[in-house]
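whatever this is, show me its structure:
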Amino acid sequence: MKKAAFYTLGCKVNQYETEAMEELFSANGYELCPFTEKADVYIINTCSVTNMSDRKSRQIIRRAKKTNPNAIIAVTGCYAQTAPDEVLKIDGVNLVIGNQDKKDIVSRVEELSSGDKNNDVLDIMNAHEFEDLKITKYTDRTRAFIKIQDGCSQFCSYCIIPYARGPVRSRPEHEIIDEIHSLIKNGFTEIILVGIHVASYGKDLGNTSLEQLLLEIDKIDGIRRTRLSSIEPMTLDAEFVRKISGCSKLCPHFHISLQSGCDETLRRMNRHYTTAQYKEVVDGLRKAFPDVAITTDIMVGFAGETDEEFNQTVQFVKEIEFSGAHIFQYSQRRGTPAAKRPNQVSPQIKEKRSAEIIAITKKSEQKFHEGFLGRTMEVLFEQTAKDGFWEGKTPNYITVYVKSSEDLQGQYRNVKLLKADSGIVYGELEV
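Purely as a prediction, here's the structure:
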């Protein structure tokens with residue numbers, strides 16, 4: 001039996017798609033093995049959100065070649081889509097397939113002869129239908145990801161993703177509901193809706209929307225928790241929040257990308273909102289959802305970001321008091337408008353600004369966690385952690401550790417929260 005090994009870089013959408021491709025290979029008689037082992041076929045699902053992502057993708061490709069010089073190596077994902085010729089030149093790569101036709105990857109691999117180097121990447125901007133690539137088997141997890149859409153049409157000036165993923169394509173609502181029922185049969189009670197631009201769900205279909213989907217999911221028996229992945233702020237206007245505030249299963253956690261707390265920087269980023277509008281969204285969510293967690297992404301060192309602009313971001317981040325944040329440094333992406341801008345910020349300044357914002361958001365995260373100490377909250381336990389602890393999540397996405405000799409995986413248990421330390425809240429099971 002031939003062996004296939006997979007490596008995934010990047011976002012939850014990539015992870016979902018890799019699992020779907022693993023199923024395809026397994027269904028066609030391949031044995032799945034760890035990427036570190038000798039395999040007949042290696043599939044690398046790449047990311048291209050930063051230059052570091054591209055570099056990491058190249059390293060993984062070379063690692064596969066070293067593990068088995070005679071293996072077939074197929075590269076897919078965003079780096080493959082945006083730089084197929086560059087990827088194909090890497091020693092050992094036989095197939096580059098991009099972000100379309102992943103459902104056909106088994107046949108494409110099996111058509112290859114030794115020494116072939118095929119560029120099968122299509123123009124993603126011509127993609128207008130959601131690719132039917134789904135998961136039917138679910139193991140070793142307590143939470144399940146469901147891909148509901150692909151593509152992005154926002155064209156932020158720094159971002160390569162619209163060019164890597166193409167225009168918005170939404171998955172038909174009935175297919176999502178069908179997958180949820182399959183998940184329930186497999187024992188899952190928490191789902192996370194993921195996509196490249198989740199906020200755009202349904203806009204290309206015309207007969208549904210993100211809020212309608214959430215309302216429909218809320219009616220399904222067997223689901224206890226629904227989560228949203230990252231969402232754009234202007235989706236969360238007063239009308240949207242009013243509609244979804246009655247969803248009893250929707251977790252009070254919203255990851256709302258900020259990127260910058262300076263209006264001028266946001267304008268250059270082509271972000272389509274102001275800091276005042278962003279704050280209005282946050283205030284509305286905090287009013288509508290008790291105990292809500294607001295997390296975010298913040299970029300430092302964007303092209304032309306001055307000390308004054310950065311200081312405005314600092315003040316805004318302090319004002320919002322995020323419960324968690326992903327801080328990253330701007331990376332010039334070839335083919336994006338921002339890459340050509342003058343006054344690029346030096347790596348040294350980016351590093352300093354990153355450290356400052358991280359310190360601020362860690363402080364607000366600690367404050368958020370301390371606000372729940374002494375309370376009892378429901379935790380869904382997912383896996384073991386260090387030193388006999390079990391790890392789980394509250395509805396508002398607080399990571400909780402509890403020491404227990406019981407097997408808690410997949411269980412919902414009430415936990416009294418006792419101590420907050422470095423992004424983790426420690427507690428004890430309530431009897």
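
and stretch 210-223, which residues are buried?
Using 16 or more other C-beta atoms under 10 Å as the test for burial, stretch 210-223 gives 210, 211, 213, 214, 217, 223. (Each C-beta comes from the backbone N, C-alpha and C, glycine too.)

stretch 357-374 now?
357, 360, 361, 364, 365, 368, 369, 372.

and that stretch, average pLDDT?
When pLDDT is averaged along stretch 357-374, the result is 98.

dump the residue contacts of residue 270.
For residue 270, the contacting residues are 154, 155, 156, 157, 337, by C-beta atoms under 8 Å, 6 or more residues apart in numbering.

low pLDDT regions in the stretch 51-200 of the chain?
Applying pLDDT under 70 to the stretch 51-200 of the chain picks out residues 138-141.

now do the helices in it.
51-67, 78-82, 84-88, 105-110, 161-165, 173-185 (DSSP state H, counting those that start in this stretch).

about what we covered before: so which of the buried residues of stretch 210-223 is the closest to residue 262?
residue 210 (28.2 Å; C-beta to C-beta).

my read: that closest one touches residue 195, true?
No - Residue 210 is not in contact with residue 195 according to C-beta atoms under 8 Å; the separation is 9.5 Å.

joint contacts of the two?
Jointly contacting residue 210 and residue 195 under the rule C-beta under 8 Å, 6+ apart are residue 201.

could you pull out the buried residues of stretch 71-89?
Going by neighbour count (16+ other C-beta under 10 Å), the buried part of stretch 71-89 is 71-84, 87-88.

right, and the pair among those with maximum separation?
71 and 82 (24.4 Å).

where's residue 206 relative to residue 173, distance?
Here the distance between residue 206 and residue 173 works out to 12 Å (C-beta to C-beta, to the nearest Å).

which of those two has more neighbours?
A direct count of neighbours by other C-beta atoms under 10 Å for residue 206 and residue 173 places residue 173 higher, at 19 against 8.

residues contacting the more buried one?
202, 205, 207, 208, 212, 213, 216.

would you format these as a markdown table with pLDDT included?
Converted to a markdown table, those look like this (pLDDT from 0 to 100):
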| residue | pLDDT |
| --- | --- |
| 202 | 95 |
| 205 | 95 |
| 207 | 91 |
| 208 | 95 |
| 212 | 97 |
| 213 | 97 |
| 216 | 97 |
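
distance to residue 250 and secondary structure added to those, as CSV?
Output for the contacts of residue 173, formatted as CSV (distance: C-beta to C-beta, whole Å; DSSP: H, G, I helix; E, B strand; the rest coil):
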residue, distance to residue 250, secondary structure
202, 17, coil
205, 21, coil
207, 22, coil
208, 17, coil
212, 13, helix
213, 11, helix
216, 12, helix
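
closest one of those to residue 398?
residue 213 (25.7 Å).

for residue 189, see how far away the closest one is.
In terms of C-beta to C-beta, residue 213 sits 18 Å off from residue 189.

likewise for residue 81?
35 Å.

can you check residue 85 too?
Counting by C-beta to C-beta, the gap from residue 85 to residue 189 is 46 Å.

residue 304 too?
47 Å.

also residue 360?
Relative to residue 189, and taking C-beta to C-beta, residue 360 is found at 35 Å.

and the pLDDT for residue 425?
98.

contact partners for it?
Residues in contact with residue 425 (C-beta under 8 Å, 6+ apart) are 369, 372, 373, 398, 399, 400, 401, 417, 418, 419.

return the subset of the residues you listed lying in strands.
Among those, the residues falling in strands (DSSP state E) are 399, 400, 401, 417, 418, 419.

of the residues you listed, closest to residue 122?
residue 399 (40.4 Å).

spit out the contact partners of the residue nearest to the closest one when sequence neighbours are not counted.
In space, and not counting its chain neighbours, residue 399 is closest to residue 424: 5.3 Å by C-beta to C-beta, 6 or more residues apart in numbering. Residues in contact with residue 424 (C-beta under 8 Å, 6+ apart) are 399, 400, 401.

ranking the residues you listed by neighbours, who comes first?
Among the contacts of residue 424, the one with the most neighbours (other C-beta under 10 Å) is residue 400, at 25 neighbours.

that residue against residue 429, yeah?
No - counting by C-beta under 8 Å, residue 400 stays clear of residue 429, with 10.4 Å between them.

shared neighbours, those two?
Joint contacts of residue 400 and residue 429 (C-beta under 8 Å, 6+ apart) are residue 415.

hmm, back to that, nearest to residue 129, of the helices of the stretch 51-200 of the chain?
Of all these, the one in closest proximity to residue 129, counting by C-beta to C-beta, is helix 173-185 (12.2 Å).

which parts of the closest one are buried?
Those would be 173, 176, 177, 179, 180, 182, 183, 184, for helix 173-185 by 16+ other C-beta under 10 Å.

mind listing the strands for the stretch 1-150 of the chain?
In the stretch 1-150 of the chain, the strands defined using DSSP state E, counting those that start in this stretch lie at 3-8, 31-32, 41-46, 72-77, 93-98, 118-119, 143-150.

so what does the fifth one touch, helix or strand wise?
Judged by 3 or more C-beta pairs under 8 Å, 6 or more residues apart in numbering; DSSP states H and E, the packing partners of strand 93-98 are strand 72-77, helix 78-82, helix 84-88, helix 105-110, strand 118-119.

distance check, residue 192 against residue 262.
On the measure of C-beta to C-beta, residue 192 and residue 262 end up 31 Å apart.

so which of the two has more stuff around it?
Between residue 192 and residue 262, residue 262 has the larger neighbour count (other C-beta under 10 Å), namely 24 against 16.

pLDDT score for the residue lying closest to residue 40 once chain neighbours are set aside?
Of all residues not flanking residue 40 in the chain, residue 2 sits nearest, at 4.4 Å (C-beta to C-beta, 6+ apart). pLDDT for residue 2: 95.

give the contact list for residue 2.
29, 30, 31, 40, 41.

ok, and the most crowded of the residues you listed?
residue 41 (24 neighbours).

which residues touch that one?
Residues near residue 41 by C-beta under 8 Å, 6+ apart: 2, 3, 4, 5, 25, 30, 71, 72, 73, 74, 109.

so which of the buried residues of stretch 210-223 are in helices?
Secondary structure assignment by DSSP state H places 210, 211, 213, 214, 217 of these in helices.
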